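# structure for this input, please:
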Amino acid sequence: MPKTAVNVEGETSAYDVIADSGNRATRRFCGRCGCPILMEFEREDYRDDVCIAAGSLDDASWLQPQVHCFTTTKQPWVHISDDLPQLEGDTQPS
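As a prediction, the model looks like this:
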């Protein structure tokens with residue numbers, strides 16, 4: 001989602017990680033309870049976007065998945081039964 005379309009109210013905490021691409025990604029959490037809220041990316045083609053944690057939304061019923069990410073590290077009990085694209089990580093097709 002474009003960063004410009006997102007407005008987070010309240011204090012957040014941040015934690016930087018190195019993504020599969022080798023670039024920094026910043027995970028933002030609720031400053032009160034620690035729940036994940038969103039991720040921001042250093043990588044050029046994602047710099048203007050954020051990924052919002054679906055669990056942080058009061059109503060996520062309107063979301064329409066577009067792709068499955070990190071499929072090579074999914075739990076064995078997760079079965080993908082649709083025709084959406086599947087990525088091994090966040091960028092490579094499986």
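
# when you work out contacts or count neighbours from here on, use the C-alpha atoms and nothing else.
Fine.

# would D58 count as being in a strand?
No. Counting by DSSP: H, G, I helix; E, B strand; the rest coil, D58 is located in no strand; its state is coil.

# what's around it, how many residues?
Neighbour count for D58, taken as other CA atoms under 10 Å: 7.

# sticking with W62, tell me its helix or strand.
If you go by DSSP states H and E, W62 is not part of any helix or strand.

# per the record, what domains does the protein have?
Taking automatic domain parsing as the domain assignment, the record places the domains of the chain at 3-58, 64-94.

# model confidence for E44, exactly?
As predicted, E44 sits at a pLDDT of 81.

# that one: neighbouring residues, count only.
The burial count assigned to E44 is 8, neighbours taken as other CA under 10 Å.

# which of the domains of the chain has the lowest mean pLDDT?
Mean pLDDT values for the domains of the chain show the minimum at domain 64-94, a mean of 87.

# list the buried residues of that domain.
By neighbour count on 16 or more other CA atoms under 10 Å, the buried set for domain 64-94 is H68, C69, F70, T71, Q86, L87, G89.
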